[in-house]
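Student: Just a sequence and a predicted model for now, questions to come.
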Amino acid sequence: MAQVWVGASGGSGGIADPNWGGAFVWASVDNTTFQNIATITQPLRQGLLTASLASATGWDTTDTLAVNLAESGGVLSGTSASSAQQGATLSLVDGELLAYETATLTGANAYNLTNLQRGLQGSTPAAHLSSAPFARLDTAVVQYNLPQNWIGVPLYFKFQSFNVFGGGVQDLSTCTVYPYTPTGASALGPITQAMLNGQNVDFGNVVSPVTAAEDWGPNIATPPVAFVDLGAVAS
């Protein structure tokens, strides 16, 4: 099922705001009419690489992933080698998904991450430059199931912030617009898709028995048809 994963943190000048409480996530297909699709209630642990990271595959015990999370005030902790290899500390660097075993504090919200499981979940292991974006993918990330008709369509997102008390909601018209075009495929059925889009899917009462039909012949003027009567519809 195709999904959009979204996360955010609040602050300015690259420094986290401790009064930021979360954000309402709004989406639009025309950058004019927006609908609320999710609510973020905790900051995404995100930041930037402070040194380049070489390309590697599999279990990488050589390279160090150096990150600074000052923009989100994020705190990182490590895990066991086996858990890291299974993606317990799943993180995103550019387009590569990876996990780490050890997180060593090197400064305020700065860490050296070592023993890395590279290229998780089919992502491509690659080299990454200093200042590349980093995000720890955990419960702060909201996962939204995409309707089929939104796949391959340019979408527009806004993140409407509020404070730790749930008040001080930002004026939606002043929020920055983030364009994104999703790819993939959805497993949602047509009725579910219609409901997600706010369409009326009440087709009225069933007034005739349910039947199943199958055309057993070629495409001719009067093909033979067989009917299977499944009985009356019970109330």
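Tutor: Sure, I can see it.
Student: Enumerate every residue touching the residue nearest to Gln117 when sequence neighbours are not counted.
Tutor: Closest residue to Gln117 apart from its sequence neighbours, by Cβ to Cβ, 6 or more residues apart in numbering: Ala99 at 4.6 Å. C-beta: built from backbone N, CA, C; applies to glycine. Each residue near Ala99 by Cβ atoms under 8 Å, 6 or more residues apart in numbering is listed here: 84-91, 116-117, 120.
Student: cool, and Gly119?
Tutor: So Gly119 contacts 57-58, 96-98, 125 (Cβ under 8 Å, 6+ apart).
Student: 6 Å instead?
Tutor: 57, 125 (Cβ atoms under 6 Å, 6 or more residues apart in numbering).
Student: go on, Val141?
Tutor: By Cβ under 6 Å, 6+ apart, the contact list for Val141 reads 5, 7.
Student: And it, what's its pLDDT?
Tutor: On pLDDT, Val141 comes in at 97.
Student: phi, psi of it?
Tutor: phi -90, psi 130 (degrees, to the nearest 10).
Student: cool, and Pro43?
Tutor: Note on Pro43: backbone dihedrals following degrees, to the nearest 10 are phi -70, psi 140.
Student: give me the number of residues near it?
Tutor: 24 (other Cβ atoms under 10 Å).
Student: Next up, the contacts around the nearest residue to it once chain neighbours are set aside.
Tutor: The shortest distance from Pro43 to any non-neighbouring residue, by Cβ to Cβ, 6+ apart, is to Ser9 (3.8 Å). By Cβ under 6 Å, 6+ apart, the residues touching Ser9 are 43-44, 46, 72.
Student: What of Thr183?
Tutor: By Cβ under 6 Å, 6+ apart, the contact set of Thr183 is empty.
Student: Thr41 too?
Tutor: Gly22.
Student: Let me know the pLDDT of Ala51.
Tutor: What the model reports for Ala51 is a pLDDT of 98.
Student: Regarding it, what is its secondary structure?
Tutor: Applying DSSP: H, G, I helix; E, B strand; the rest coil to Ala51 yields a three-state assignment of coil.
Student: quick revisit: quickly find the element holding the residue nearest to Pro43.
Tutor: If you go by DSSP states H and E, Ser9 is not part of any helix or strand.
Student: for it, phi and psi?
Tutor: Backbone torsions of Ser9, given as degrees, to the nearest 10, read phi -140, psi 160.
Student: Offset the numbering so it begins at 154, please.
Tutor: Sounds good: first residue 154 from here, last item Ser162.
Student: so how far is Phe187 from it?
Tutor: 21 Å (Cβ to Cβ, to the nearest Å).
Student: what do you get for Gln274?
Tutor: Taking Cβ to Cβ, one finds Gln274 at 30 Å from Phe187.
Student: Between those two, point out the one with more neighbours.
Tutor: Phe187 (21 against 9).
Student: Okay, Tyr331 and Ser181: tell me how far apart.
Tutor: Distance from Tyr331 to Ser181, by Cβ to Cβ: 11 Å.
Student: Those two: which has the busier surroundings?
Tutor: When neighbours are counted by other Cβ under 10 Å, Ser181 comes out ahead of the other of Tyr331 and Ser181, with 17 against 13.
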